[in-house]
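Engineer: sharing a model prediction with you, sequence too.
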There are 2 protein chains.
Amino acid sequence: MTEHAHHQHNHNHCVKTAMENAALLCEEKGVRLTDTRKRVLELIWQGHEAVKAYDLIQQFSDGGTKPPTVYRALDFLLEQGLIHRIDSLNAFIGCPHPDHHDECGLQVLVCDECHLVEELHTHDAVSTIADAASATGFKVVRPVVEVHGLCEKCQA
Amino acid sequence: MTEHAHHQHNHNHCVKTAMENAALLCEEKGVRLTDTRKRVLELIWQGHEAVKAYDLIQQFSDGGTKPPTVYRALDFLLEQGLIHRIDSLNAFIGCPHPDHHDECGLQVLVCDECHLVEELHTHDAVSTIADAASATGFKVVRPVVEVHGLCEKCQA
DNA sequence: AATGGTTATGTTATATTATAACGCTTGTGT
DNA sequence: ACACAAGCGTTATAATATAACATAACCATT
Ligand SMILES: [Zn+2]
Ligand SMILES: [Zn+2]
Ligand SMILES: [Zn+2]
Ligand SMILES: [Zn+2]
C-alpha cells in the first residue's frame, strides 16, 4: 500500500490527519502539544518535502522566533516520533504513522532534486541487516536507511 | 569474512594497506594524491572511529591549515571513494575497499558510544530495499544504511 | 626553458546548523 | 496561594561548511 505521497493528492487531508494523530498521541502519552510545537509540526507538514530548521524559523510569522525555540520544538517532536530528521539533508519531515517504527527502523527514499521524502517499511531488509550486524557482535539500536535518488516526477 | 576492525589488531597494517591502495587507485584513475590529501587520509585512518572535520583541521601540525583546505581534501577523497561521510555523525571514515560499493551502497554499523564504524556489504538487504523503492517509481541512485547501536566492546 | 592552461592551495570572510546558559513565564498538583 | 516542574524568551556562541578571489604548483606544448 503505497501512500502515493508524491502524486497529486489532497494535501489538506494529510495535514489534518497528521495533526489529529499528533494530538491523540500526545494525549495518550500525557505530553503537551503546545502552540509552538503544534505550529512547527504544521509548518513541517506544509508538504512532503524535507524542511530545514532555519526555513521554519523564518516562516514564523511573528518574525521574532529564535533558533532555540524552534529547535526545542523539533526535539520534542522527534522524541515523540512525530517527525523524522533526515541526516543527509539536515532537514525534517513529518511522520505519517508514528507508531510503525518499532520493527523496521527509519527507511526513507529521498529525492535529490526536490527533496521529497517517502517512507518505506520493508521489514525484510532491516532484519537482514540486523542479522548481519548481530553476527559481528554489534547490538542494533536504531537502523536508518536513507536511499537517495530521483522521485517519479523528477525523472523527466 | 569480518575484518574484526573492532578487535585488537595491528592498525599500522590497516593504515599501510589503505595508503598503498589509495596511491594505486589514484594512479589508475589519473588523479593526484597530493600531500594535503595524503595527510588528511592518514589522519582519518588514525583509527576505525569516525573523525570530525574540525578535529582534522586542528591536528594539522603546522597550525595554519584552514577549513577550506581540509574540506577540499575531504571532497576529493569522497569523490574517489577513499573515505565515507557518516551523515548521522558529521564525520568521516576511511574506506577499506573503495572498489566494493557499486553493488551494495554504503552500509555502516556506528557505535553510539565510541563512534567506531564498521562496514557491511549485505547485498540482499540493499536489493530488497531497491526493489521496494522501484515499486513506488523511485529511481535509486545511492542507498545508504547507517545502523546505530553498540559495538562489541561498548556493550559491557 | 619559456609559454599558457589547468589544477591545487592559501586566505579572508561568511553562511549554515545547532546549542549553552540563564532568567522569566506558564502550567499542574497540593 | 504555594511549590515545583515544564516550557519559553533572549543573548551569546559553538560547530559545521562554503563563497570568492588571489597565488602557486603542475603539466603539456612550443
Ligand atoms: Zn500530502
Ligand atoms: Zn515515520
Ligand atoms: Zn585498524
Ligand atoms: Zn567503504
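Structural biologist: Okay, I see it. It should be emphasised that the depicted structure is a prediction, and the values quoted were computed from it without experimental measurement. Ligands and ions are numbered 1, 2, ... in the order given.

Engineer: end to end, how far does stretch A:89-108 reach?
Structural biologist: With CA to CA, to the nearest Å applied, stretch A:89-108 spans 12 Å between its terminal residues.

Engineer: all strands for chain A, in order.
Structural biologist: A:83-86, A:91-94, A:106-111, A:117-120, A:139-150 (DSSP state E).

Engineer: out of these, which is closest to A:Gln58?
Structural biologist: In terms of CB to CB, the element of the strands of chain A nearest to A:Gln58 is strand A:91-94, at 14.0 Å. In this view, the C-beta of every residue, glycine as well, is placed from N, C-alpha and C.

Engineer: residue contacts, the closest residue in space to A:Leu150 that isn't next to it in sequence?
Structural biologist: Setting aside the residues directly before and after it, A:Leu150 is nearest to B:Lys139 in space (CB to CB, 6 or more residues apart in numbering or on different chains), at 4.4 Å. B:Lys139 sits next to A:149-151, A:155 when contact means CB atoms under 8 Å, 6 or more residues apart in numbering or on different chains.

Engineer: how near is B:Lys139 to ligand 3?
Structural biologist: Distance, B:Lys139 to ligand 3, using CB to the ion, to the nearest Å: 36 Å.

Engineer: A:Gly64: which of the strands of chain A is closest?
Structural biologist: strand A:91-94 (21.3 Å).

Engineer: contacts for that closest one?
Structural biologist: Outside of strand A:91-94, the residues within contact range by CB under 8 Å, 6+ apart are A:18, A:41, A:44-45, A:48-53, A:56, A:74, A:77, A:82-86, A:108, A:115, A:117.

Engineer: for A:Ile86, which non-adjacent residue is closest in space?
Structural biologist: Nearest in space to A:Ile86, with sequence neighbours left out and distances taken as CB to CB, 6+ apart, is A:Ala50 at 4.9 Å.

Engineer: and that neighbour, its phi and psi?
Structural biologist: Note on A:Ala50: backbone dihedrals following degrees, to the nearest 10 are phi -70, psi 140.

Engineer: per-residue pLDDT of it, please?
Structural biologist: The predicted structure scores A:Ala50 at 98 on the pLDDT scale.

Engineer: how near is it to B:His100?
Structural biologist: Counting by CB to CB, to the nearest Å, the gap between A:Ala50 and B:His100 amounts to 29 Å.

Engineer: those two - which one has more neighbours?
Structural biologist: Between A:Ala50 and B:His100, counted using other CB atoms under 10 Å in any protein chain shown, A:Ala50 has the larger neighbour count: 25 against 12.

Engineer: below-threshold pLDDT in chain A: ranges please.
Structural biologist: A:1-6 (pLDDT under 70).

Engineer: all helices of chain A, in order?
Structural biologist: Along chain A, the stretches classed as helices by DSSP state H are A:11-29, A:35-44, A:53-59, A:67-79, A:123-135.

Engineer: could you see whether DNA strand D lies near the second one?
Structural biologist: Yes: part of helix A:35-44 sits near DNA strand D under the criterion CB under 7 Å from any atom of the strand, namely A:35-37.

Engineer: name the helices or strands packed onto that helix?
Structural biologist: For helix A:35-44, the contact count by 3 or more CB pairs under 8 Å, 6 or more residues apart in numbering or on different chains; DSSP states H and E identifies helix A:11-29, helix A:53-59, helix A:67-79, strand A:91-94 as packing neighbours.

Engineer: now the ones you listed as JSON lines including mean neighbour count and distance to ligand 3?
Structural biologist: Shown next, in JSON lines, are these (neighbours: other CB atoms under 10 Å in any protein chain shown; distance: least, CB to the ion, whole Å):
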{"stretch": "helix A:11-29", "mean neighbour count": "14", "distance to ligand 3": "44"}
{"stretch": "helix A:53-59", "mean neighbour count": "16", "distance to ligand 3": "36"}
{"stretch": "helix A:67-79", "mean neighbour count": "16", "distance to ligand 3": "34"}
{"stretch": "strand A:91-94", "mean neighbour count": "24", "distance to ligand 3": "34"}
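
Engineer: got these as a markdown table, with distance to DNA strand C columns?
Structural biologist: Putting the helices and strands packed on helix A:35-44 into a markdown table (distance: least, CB to the nearest atom of the strand, whole Å) gives the following:
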| stretch | distance to DNA strand C |
| --- | --- |
| helix A:11-29 | 11 |
| helix A:53-59 | 4 |
| helix A:67-79 | 4 |
| strand A:91-94 | 7 |
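
Engineer: would JSON lines of those with distance to B:Pro67 be doable?
Structural biologist: Below are the helices and strands packed on helix A:35-44 laid out as JSON lines (distance: least, CB to CB, whole Å):
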{"stretch": "helix A:11-29", "distance to B:Pro67": "39"}
{"stretch": "helix A:53-59", "distance to B:Pro67": "20"}
{"stretch": "helix A:67-79", "distance to B:Pro67": "22"}
{"stretch": "strand A:91-94", "distance to B:Pro67": "23"}
